[in-house]
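1. sequence below, structure please.
(2 chains)
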Amino acid sequence: MDRAVVFPTCMGDLVSPQVPERTLGLLRATGCDASAARGGTCCGQPAFSAGHVDAARRVARTTLRALDRTEGDIVVVAGSCAAMMRRHWRELFHGDRDEETATRVSGRVVETSQALAARLPALRRLGLRWRGRVGYHDSCHMLRELRVADEPREVLGAVDGVELVELRHAKRCCGFGGTFSVRYPGVSVAMADTKLDEVSELGLDALVSCDGGCLMQLGGRADATGRDVRPMHLVDLLDEARPR
Amino acid sequence: MTTQHRDLLTETGFEELSERQLATPFIRQAVPKATDHTVAAMGALFADHDREALRDRGAAIRDEVIADLETHLVDLVAACEAKGVVVHRATDAAHAREIVRGIVRAADARTVVKSKSMMSEEIELNPALEADGVKVVETDLGEYVVQVSGDRPSHIIAPVIHLPREKVRESLSAVAGEQLPPEAEALTAWAREELRGSFLAAEVGITGVNFGVAETGTLVLVTNEGNARMTTSLPRVHVALMGIERVLPRMEDLAVMLPLLTGHGTGQQISCYVTMIDGPRREDEPDGPEEQHLVLIDNGRSALARSEYADILRCIRCGACQNICPVYRQVGGHAYGWVYGGPIGAVLTPLLRGDEDGGELAQASSLCAACDDICPVKIPLHELLVKLRRRRAEGDSAPRVEKIAFALWSRAWSVPWVYRLSGPLGRLTLLPLARGGRVRRAPRPLARWTSGRSLPLPARRPFHRR
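-> Numbers count the residues shown, from 1 in each chain, chains lettered A, B, ... in the order given. Predicted coordinates for the structure are as follows:
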């Protein structure tokens, strides 16, 4: 049996704990010896992207060392955090006493949909069923830094009853962008509107993404404008799709 | 009429400028439509071609130039001089303006026609010439409209993308002294007629340069309107303004660079006109300028070539990053406050103007990296933006409060038990403001989020306690 730990990310841990919890549940259901990664905090991305490298490294170090005490795949429930850990940690710790650790740990990082897509036959055997038309929103860093685009769609394809509707601009940014969202709220919100308008027009039952940042942005905007759009994490939909 | 740039960047900043653009409905209607159209055309053009391979070759050619810029420039200068071109080298914008003013003065010119040139915008040439009493006429249709409207270009390729046709009609009608018909064709026909007079009257024609080929001393201009041909052949004197990085080693490099430029700029396999200039009129030739000047402008570029930002010098000014940018498509080019808008502007402006003036622009991106993927010469734009943010964060122009906030945050969240407290603490703080588990209105600084969005409460029981 393969082993994995689920890293909840700060947002998944503190704001949407059902996401890492359901990820853990799904991995176990597919026969994976999965457990929660303890002792980590945040990957450091907010500070890294804002240019505050020392702050990013300080926070990332805590998470890095905690994850180094675990074994197996590190399943990260947000695409941009996974990209930070996999792509930028080596750069962040370059020439640092933890450089080797960073190389070792970042090589183990996988994003949720990647982990699930790798267990597709077992996932199918769960008899997942969810009726509705679903759009998928690509998280920018998951798409362009990790190059993960097919996996979440494959996973959605494993759910009976899901009609996957390809958005015209699935790959266009939702406007979150970390600190960008609060530096320029007007532009950020306008970007979310572009995305949500298309989902409204199509009358989709759910808008799925694999990134808590995008979901907070799209969900927050949909809620504030009273739109009938339901942004949800991939594992939220899968969890609803599991036979009870 | 004046084309004086108001220095919006230092006066206001991106947030206010972008809010102004957001409040202009036409921008959010026209800019996405036009840019989507170009991106689609590009996609269709490259559908049956190996775009990746072409981009790799383009990036390699540009890197070869940047790695040894001075050598290639020396070759270009020698080749141009051998053909009778007078070559000038300008260190900065002011120096470049002085050189051009001198040429115009020596030519005793009262009218100057110009073909589209971003470099002339960068060195803010028009106001300098106008101050000397010279009539400057832009001859690219879009640039002409921008000029007679007292406006500024907002896109590298489509300078007038932000103006509705009715506004164009108004501006041109004001010049015509009569109400012109509303159809684009009629307006274009009128402008064409009007510009003929300027072409014939002008003593000097000024153009940019898309590529300067070092091997042969050939200056290449890529246009769709034919105005560059007239600008470079009708007036007695031709002045070409070229950023020093726009050199190509060999003629054969054009086989890669031209389709990259037009393919990404307009979705065309080749533009309507590709003009290759090989010196002034020779004795046996019936037309062309008697005098030709090439002004090679550094303006910070040679220093960039040696810096960690050298990749930005690969840029061939195609505008594709503007077309794909989700921020640009909402706010247009004027929000960026200076000459270059969109991702290229967000990177280039702080580099050319310094962090004090332009550093904020590196923040004006969600770092979605769509620009990296579309760039014909593979400039890692979003990585350069992060580098620039780092430079600003480590320098003096970042707000102190931001530095302190990140320092405090990092000290708290590097200690697991302190980090774990922030969930319940955040929840307690926000709970009085929440309804149904979400915060819809909050005081500053949270209001920066809740203006337009609601915020979920931190969970009652975080994952680490489950």
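2. C-alpha from now on. contacts and neighbour counts both.
-> Fine.
3. let's see the pLDDT reported for the spatially closest residue to residue A:149 that is not a sequence neighbour.
-> Among residues not flanking residue A:149 along the chain, residue A:143 sits closest, at 5.7 Å (CA to CA, 6 or more residues apart in numbering or on different chains). Residue A:143 is assigned 98 on the pLDDT scale.
4. repeat that for residue A:1.
-> So, for residue A:1, pLDDT stands at 64.
5. what values do phi and psi take at whatever residue of chain A ends up closest to chain B?
-> Proximity of chain A to chain B (CA to the nearest CA) peaks at residue A:51, 3.7 Å away. The phi and psi values for residue A:51, taken as degrees, to the nearest 10, are phi 100, psi 0.
6. for the residue lying closest to it once chain neighbours are set aside, pull up the helix or strand it's in.
-> Nearest residue to residue A:51 in three dimensions, chain neighbours excluded: residue B:390, at 3.7 Å (CA to CA, 6+ apart). Secondary structure from DSSP states H and E places residue B:390 in helix B:381-394.
7. please apply the same query to residue A:131.
-> Here residue A:131 is assigned to strand A:129-136, by DSSP H and E.
8. got the CA coordinates for that strand in PDB?
-> Written as PDB, here are the backbone C-alpha positions of strand A:129-136 (Å, rounded to 0.1, in the frame of the first residue of the first chain):
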ATOM      1  CA  ARG A 129     -22.300   9.800  -8.600                       C
ATOM      2  CA  TRP A 130     -23.200  13.500  -8.900                       C
ATOM      3  CA  ARG A 131     -25.800  14.800 -11.300                       C
ATOM      4  CA  GLY A 132     -25.200  18.200 -12.800                       C
ATOM      5  CA  ARG A 133     -23.300  20.400 -15.200                       C
ATOM      6  CA  VAL A 134     -19.900  21.400 -13.900                       C
ATOM      7  CA  GLY A 135     -17.300  23.900 -15.000                       C
ATOM      8  CA  TYR A 136     -13.700  23.700 -14.100                       C
END
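9. ok, and what's touching that strand?
-> Here strand A:129-136 makes contact (CA atoms under 8 Å, 6 or more residues apart in numbering or on different chains) with A:153, A:159-167, A:170, A:199, A:204-209, A:237, A:240-243.
10. please repeat the previous calculation with a cut-off of 7 Å.
-> Strand A:129-136 is contacted from outside by A:159-167, A:170, A:204-209, A:241-242, using CA atoms under 7 Å, 6 or more residues apart in numbering or on different chains.
11. return the helix or strand in chain B with minimum mean pLDDT.
-> helix B:8-11 (a mean of 68; mean pLDDT, DSSP states H and E).
12. may I see the buried residues of whatever helix or strand comes next after it?
-> Scanning forward in sequence from helix B:8-11 by DSSP H and E, the next helix or strand is helix B:14-22. Judged by neighbour count using 16 or more other CA atoms under 10 Å in any protein chain shown, the buried positions of helix B:14-22 are B:14, B:15, B:17, B:18, B:19, B:21, B:22.
13. equivalent analysis for stretch B:215-233, please.
-> B:215-223, B:225-233.
14. could you do stretch B:194-206 as well?
-> Result for stretch B:194-206 [16+ other CA under 10 Å]: buried residues B:195, B:198, B:199, B:201, B:202, B:203, B:204, B:205, B:206.
15. any idea how far that stretch is from the chain center?
-> 26 Å (CA atoms, centre = their mean, to the nearest Å).
16. just to revisit the earlier point, now, which of the buried residues of stretch B:215-233 lie within strands?
-> B:218, B:219, B:220, B:221, B:222, B:223 (DSSP state E).
17. so the third one sits against residue B:209, correct?
-> Yes - under the criterion of CA atoms under 7 Å, residue B:220 is in contact with residue B:209, at a separation of 6.1 Å.
18. surely residue B:198 is in a helix?
-> Yes - if the criterion is DSSP: H, G, I helix; E, B strand; the rest coil, then residue B:198 is within a helix.
19. so who does residue B:82 touch?
-> No residues are in contact with residue B:82 under the rule CA under 7 Å, 6+ apart.
20. mind redoing it with 10 Å?
-> Residues counted as contacts of residue B:82 (CA atoms under 10 Å, 6 or more residues apart in numbering or on different chains) are B:76, B:216, B:217, B:279.
21. now swap in residue A:177 and tell me
-> A:46, A:49, A:80, A:140-141, A:183, A:188, A:213-214, A:217, B:363, B:365-368.
22. look at it and report its pLDDT.
-> At residue A:177, pLDDT is 96.
23. dump the buried residues of helix B:14-22 to a markdown table, plus pLDDT and distance to residue B:112.
-> Shown next, in a markdown table, are those (pLDDT from 0 to 100; distance: CA to CA, whole Å):
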| residue | pLDDT | distance to residue B:112 |
| --- | --- | --- |
| B:14 | 94 | 34 |
| B:15 | 93 | 37 |
| B:17 | 93 | 32 |
| B:18 | 95 | 34 |
| B:19 | 94 | 36 |
| B:21 | 94 | 32 |
| B:22 | 95 | 36 |
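24. same for chain A: which of those are within range?
-> Contacts with chain A within the buried residues of helix B:14-22, as defined by CA under 10 Å from any CA of the partner chain: B:14, B:15, B:18, B:19, B:21, B:22.
25. element containing residue 59, please.
-> Picked chain A for this. helix A:53-68.
26. should've been chain B
-> Residue B:59 belongs to helix B:51-67, assigned by DSSP H and E.
27. thought the residue of chain A closest to chain B was touching residue A:92?
-> No - using CA atoms under 10 Å as the test, residue A:51 is too far from residue A:92 to be in contact (11.3 Å).
28. which residues touch the spatially most central residue of chain A?
-> The centroid of chain A falls nearest to residue A:78 when counting by CA atoms, centre = their mean (2.2 Å). Residue A:78 makes contact with A:7-12, A:19-20, A:110-113, A:139, A:141-142, A:209-214, A:233, according to CA under 10 Å, 6+ apart.
29. check which residues of the helix or strand that the helix holding residue B:59 is followed by are buried.
-> Next along the chain after helix B:51-67, taking DSSP H and E as the criterion, comes helix B:69-82. Neighbour counts using 16+ other CA under 10 Å place B:69, B:72, B:73, B:75, B:76, B:77, B:78, B:79, B:80, B:81 of helix B:69-82 among the buried residues.
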